[in-house]
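*Asks:* Just to be clear, the model below is a prediction. Sequence and coordinates:
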Amino acid sequence: MSFIDSTVSAGSADFQANRAAMLALIDQLRGHEQRAVQASARSAERFAQRGQLLPRERLALLLDAGAPFIELCSLAGLGLDDADLSRSVPGGGVIAGIGVVSGVRVMVSASDSGIDAGALQPMGLAKQLRVQELALENRLPYVQLVESAGANLMAYKVEEFIHGGNLFRNLARLSAAGLPVVTVTHGSSTAGGAYQTGLSDYIVMVRGRSRAFLAGPPLLKAATGEIATEEELGGAEMHTTISGLGDYMAEDDRDAIRLAREILAHIDWQRGMPPASPRAAFAPPRHDAEELLGLMPADPKRPVDMRQVIARIADGSEFLAFGAGYGSATVCGFIKVEGLPVGVITNNGPIDPAGAAKATHFIQACCQARTPILYLQNTTGFMVGRAYEEAGIIKHGSKMIQAVTNATVPQITIQCGASFGAGNYGMCGRGFHPRFCFSWPNARTAVMGGEQAAQTMANVTEAAMRRKGLEPDAAKLDEMQRRIVERFDSQMSVFATSARLLDDGV
């Protein structure tokens, strides 16, 4: 392999401007995330009075110290509970991510019960369904830290009740796939939520705190007239000694987390699977990964050589280009990441017929060699125009989409910049179910740019009026274009797309 030389001047004014713009976006991201942490932490005194730990304290005790943890979907619901982003609390009422517990890599989902007693927030259901899907696809045991007031009955929506059944279906699917579901029920697990506990393989309950029942005392009295206390109806002692729902009874939150860690330490859940092959030695990239901060232009209309991104993630910055002289705006090639072979597809311009044909061939080659594919998206889409239509852009683009859809290897997508039009599809956007899809803070996603959409509608409207013999009103056309640009721009940033779970995190 040859390695990629750096063409980046880290001291240039352009680089420094790009870096400052990216750091500002990262600060904005962290500010939104921190608001959820602070909102939950405001319950600290109440939790302490009950002898409980805050949700993030539970999570910190559960995870192996010093081991990596990647939080997922941290912006879920941003702006959907409050249109003012400075007041919105993201996260969907759930803290979720991939971490290591007793040496086992797992998916963790924890109720953020410091916020509204753990009631599901906007996009909370969709977030839980997504992390369950990721656990299934990536064969990860599933650990739940449950304490939830359930659905907000004042904001009841029938569709959420119906789709909520998928939560329980997925728990059953995880178990059937041989992936242990370990649940610590720290507090309430009520009504339909009781199945979140009941459908688990290993259940830890906390004396005096855990509650699991299909109908709590108020509903029970309303439905049957029977009167019972919460502890009698669904407390930890009852469930671990009478009903048999609970497998282990802990004395407090810390003891419950200890038990969960011991359970995972003693489960040989990978029984029968071949041992992992030893990781090959690898060299770090030759170029500083910190320089990624200044690579992407602050002005999204300015071009960037995406090979410079590859040079900062590939072992030794080595890159074996595939078909470099053909369809050159679509960059394909092989790298290694920490010793693991990876195929890369990225964009140094729109996707033309030759680029689409090359990408199709490359995807097929990766599937044949069982090499995972990494898509680094920065595309304005497929090329348009008479010459490109005659060259078969629809046909070749369709072949590329067929290859992406039917690839037999894991595909991971990172939206590094623009992700416009059908280029989002051809480069394995969220609609094509990549194994993971992450965004950089500067990423922008839309069917087209706002200006292009506005000009398109203005041209269509003007032509329609002239066909009717009417003279177009320039002021009205200008106002229409302004509204369209505003509508598009308000939806294309990561703070809009990640809020709607159109990626797995920023």
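*Replies:* Alright, I've got the coordinates. Numbers count the residues shown, from 1 in each chain.
*Asks:* use CA for all of it now, contacts and neighbours both
*Replies:* Fine.
*Asks:* Name the helix or strand for Ala265, please.
*Replies:* helix 253-266 (DSSP states H and E).
*Asks:* And the helix or strand just after that helix, what does it pack against?
*Replies:* The element immediately downstream of helix 253-266 (helix or strand, assigned by DSSP H and E) is helix 292-295. When contacts are defined as 3 or more CA pairs under 8 Å, 6 or more residues apart in numbering; DSSP states H and E, helix 292-295 packs onto helix 13-41, helix 307-310.
*Asks:* Now the last one: average pLDDT?
*Replies:* Averaged over helix 307-310, pLDDT sits at 98.
*Asks:* buried sites along that helix?
*Replies:* Across helix 307-310, burial judged by 16 or more other CA atoms under 10 Å covers 307-310.
*Asks:* which other residues reach that helix?
*Replies:* Residues outside helix 307-310 that contact it (CA atoms under 8 Å, 6 or more residues apart in numbering) are 4, 6-8, 292, 295, 317, 319, 331.
*Asks:* Run through the neighbouring helices and strands of the following helix or strand past it.
*Replies:* Once helix 307-310 ends, the next helix or strand along the chain (criterion: DSSP H and E) is strand 318-321. With contacts taken as 3+ CA pairs under 8 Å, 6+ apart, strand 318-321 sits against strand 2-3, strand 330-337.
*Asks:* Check what contacts the last one and list those residues.
*Replies:* In this case it means strand 330-337. Residues contacting strand 330-337 (CA under 8 Å, 6+ apart): 307, 313-315, 318-324, 341-352, 355-356, 358-359, 362.
*Asks:* hmm, back to that, what comes up buried for the helix holding Ala265?
*Replies:* Here helix 253-266 shows 253-254, 256-257, 259-261, 263-264 as buried, counting by 16+ other CA under 10 Å.
*Asks:* Kindly reformat these as JSON lines containing pLDDT and distance to Thr197.
*Replies:* Output for those, formatted as JSON lines (pLDDT from 0 to 100; distance: CA to CA, whole Å):
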{"residue": "Asp253", "pLDDT": "98", "distance to Thr197": "16"}
{"residue": "Arg254", "pLDDT": "98", "distance to Thr197": "19"}
{"residue": "Ala256", "pLDDT": "98", "distance to Thr197": "14"}
{"residue": "Ile257", "pLDDT": "98", "distance to Thr197": "15"}
{"residue": "Leu259", "pLDDT": "98", "distance to Thr197": "16"}
{"residue": "Ala260", "pLDDT": "98", "distance to Thr197": "14"}
{"residue": "Arg261", "pLDDT": "97", "distance to Thr197": "17"}
{"residue": "Ile263", "pLDDT": "97", "distance to Thr197": "16"}
{"residue": "Leu264", "pLDDT": "96", "distance to Thr197": "17"}
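*Asks:* What sits closest to Gly118 if chain neighbours are left out?
*Replies:* Ser148 (4.2 Å; CA to CA, 6 or more residues apart in numbering).
*Asks:* same thing with Gly431?
*Replies:* Tyr425 (7.1 Å).
*Asks:* list the helices and strands the host helix or strand of that neighbour packs on?
*Replies:* Using DSSP H and E, Tyr425 maps to helix 422-426. In terms of contacts (3+ CA pairs under 8 Å, 6+ apart), helix 422-426 is packed against strand 373-379, helix 393-405.
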